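Novice: 3D model of this:
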Amino acid sequence: MPHGTTPGTWNNWAGNQSARPARVAVPSSAEEIGETVRRAAGQGQRVKAVGSGHSFTAIASAGDAVLVRPDALTAVRELDREAGTVTVESGLTLDRLNRLLAAAGLSLTNMGDIEVQTVAGATSTGTHGTGRESGSLAAQIRALEIVLADGSVRHCSPTENPGLFQGARLGLGALGVVSAITFGVEPAFLLTAHEKPMTFDAVLAEFDHLAAVNEHFEFYWFPHTDLCTTKRNNRSQGPAAPLPRFRSWLEDDFLSNTVWEGVCRVGRRVPAAIPSIAQVAGRAWSERTYTDTAYKVFTSPRRVRFIEMEYAVPREAGTAVLRELKALVERSDWRISFPVEVRVAPADDLWMSTANGRDSVYIAVHLYRGTTDPGYFTEVERLMTAYRGRPHWGKLHTRDAAYLADVYPHFGDFTALRDEVDPDRVFTNDYLRRVLGS
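Specialist: Residues are numbered from 1 along each chain as shown. Next up, the predicted model:
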């Protein structure tokens, strides 16, 4: 069992969610998933599928349900170069997918900065990176195979069961168990990364320009300072010029994980030291440029465990929200060791996407594991919701169906689809009851 889980218990990556399912199933095909679902439904049990456990919410918590694990669903079913697609089973992890695609000379168009998630878990919760024109992983889906509450296996795409496809691409685990996904892919490409320190005011003054002229722009702000680190990733004709192996290990592994873990532990024990630590951490980032295979630039190792809240706010409100967030931190007595992460995304058409129908700025706040929240998440959430922010489905929030129905134009379409394909709520849990209603 992953992440230190003992037999009979499931824990997520961060350690803030756990469950004791009624039983665990490890099916090796869509048909076996169907048998598991029919058996559970016949016994009045609920069914929840999990991925790698990288969500911070209880979206995948099985409680007393039947837990479906994807360990045996990792095959690559088809790679169609002419169509520009790859079909993989739901339990394949993103890191394995990236390497398989790279070996075939192919690549996803965009992705987040962590690649330990399963493809179904990442897409079902709205995992995203940052992009001027390219959206979330779910926006790259071309077709799906999903097992519904009656145990039937359905295929869906823009031309086959299009209504189901519209909801299931980012389905929150509420519509069924995804068994396979077809992604759109493209020829492998290089990205040149340019990382540069800037001040908070300078970044916000240039934010719209930086987001417009770079294919992928993001930045990190260190609370208690005026220091930021910016990242600009753009396609390159090459040649590849990756960081020297030792420098990559030193900066992206040793300093960003081993040393950072120690720093966070010190901050947790001695909160008064955090502002000084933040000043040192913010100034430790130096300017650097390198060119490498896309997934190696998009992703980074993340071994320091934390909990996270992230909201998407309308693009036009982004800088105002960030200024208010900085002022909020400055007038509080909080001691926040983790930087605030800021990314962008274009509008998309996925019903339950945080970027549905509007260009968005993503603002993510974090606390080191084991740190008592001093009210930081509560006040940040109050700020985000004042701007009609939409919470990431896999990251901590307290929003309910009434709020979400107001900020998602297609919320009613999604819940109507749920009523159609899972009227008896075989796939529900406490989290889904809160965010979608009964």
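
Novice: what pLDDT is listed against the residue nearest to W351 when sequence neighbours are not counted?
Specialist: Once flanking residues are discounted, W351 sits nearest to H410: 3.9 Å by C-beta to C-beta, 6 or more residues apart in numbering. In short, each C-beta sits where N, CA and C put it, glycine included. H410 is assigned a pLDDT of 98 by the prediction.

Novice: which ones are touching H410?
Specialist: With contact set as C-beta atoms under 8 Å, 6 or more residues apart in numbering, H410 has these partners: 351-352, 356.

Novice: and if you look at E308?
Specialist: So E308 contacts 14, 56, 364-367, 395-396 (C-beta under 8 Å, 6+ apart).

Novice: out of those residues, which one sits closest to A284?
Specialist: Each of the contacts of E308 was checked against A284 using C-beta to C-beta; the closest is H366, at 17.8 Å.

Novice: where does that closest one land in three-state SS?
Specialist: strand (DSSP: H, G, I helix; E, B strand; the rest coil).

Novice: that one against R305, yeah?
Specialist: No: with contact defined as C-beta atoms under 8 Å, H366 does not count as touching R305 (10.2 Å).

Novice: of these two, who's got more company?
Specialist: Neighbour count, other C-beta atoms under 10 Å: between H366 and R305, H366 has more, with 23 against 15.

Novice: against R288, how distant is that one?
Specialist: 23 Å (C-beta to C-beta, to the nearest Å).

Novice: likewise for I307?
Specialist: Counting by C-beta to C-beta, the gap from I307 to R288 is 29 Å.

Novice: which of those two has more neighbours?
Specialist: Just comparing I307 and R288: by other C-beta under 10 Å the higher neighbour count belongs to I307, 22 against 12.

Novice: the strands in the stretch 151-300 of the chain, which residues?
Specialist: 153-156, 177-184, 186-187, 190-199, 216-221, 227-236, 288-293 (DSSP state E, counting those that start in this stretch).

Novice: I'd like to know which elements the fourth one is packed against.
Specialist: The contact analysis (3 or more C-beta pairs under 8 Å, 6 or more residues apart in numbering; DSSP states H and E) places strand 190-199 against strand 227-236, strand 288-293, helix 294-298.

Novice: tell me the most buried of these?
Specialist: Neighbour counts (mean count of other C-beta atoms under 10 Å) averaged over each of the helices and strands packed on strand 190-199 peak at helix 294-298, with a mean of 22.

Novice: can you name the next helix or strand after it?
Specialist: Going down the chain from helix 294-298, the next helix or strand is strand 306-314, by DSSP states H and E.

Novice: next one: the helix or strand just after that next one to chain centre, how far?
Specialist: Once the chain leaves strand 306-314, the next helix or strand it forms, by DSSP H and E, is helix 318-330. Relative to the centre of its chain, helix 318-330 is centred 23 Å away, using C-alpha atoms, centre = their mean, to the nearest Å.

Novice: give the rounded mean pLDDT of helix 318-330.
Specialist: 98.

Novice: would you mark the buried spots in that helix?
Specialist: 318-319, 321-322, 324-326, 328-329 (16 or more other C-beta atoms under 10 Å).

Novice: A122: which of those is nearest?
Specialist: G318 (24.0 Å).

Novice: residues touching that closest one, list them.
Specialist: Counted by C-beta under 8 Å, 6+ apart, G318 has contacts 207, 342, 344, 361, 363.

Novice: same question for G238.
Specialist: So G238 contacts 190, 291 (C-beta under 8 Å, 6+ apart).

Novice: now do the SS call for the residue nearest the centre of the chain.
Specialist: Nearest to the geometric centre of the chain sits T127, at 2.9 Å (C-alpha atoms, centre = their mean). For T127, the secondary-structure state derived from three-state DSSP is coil.
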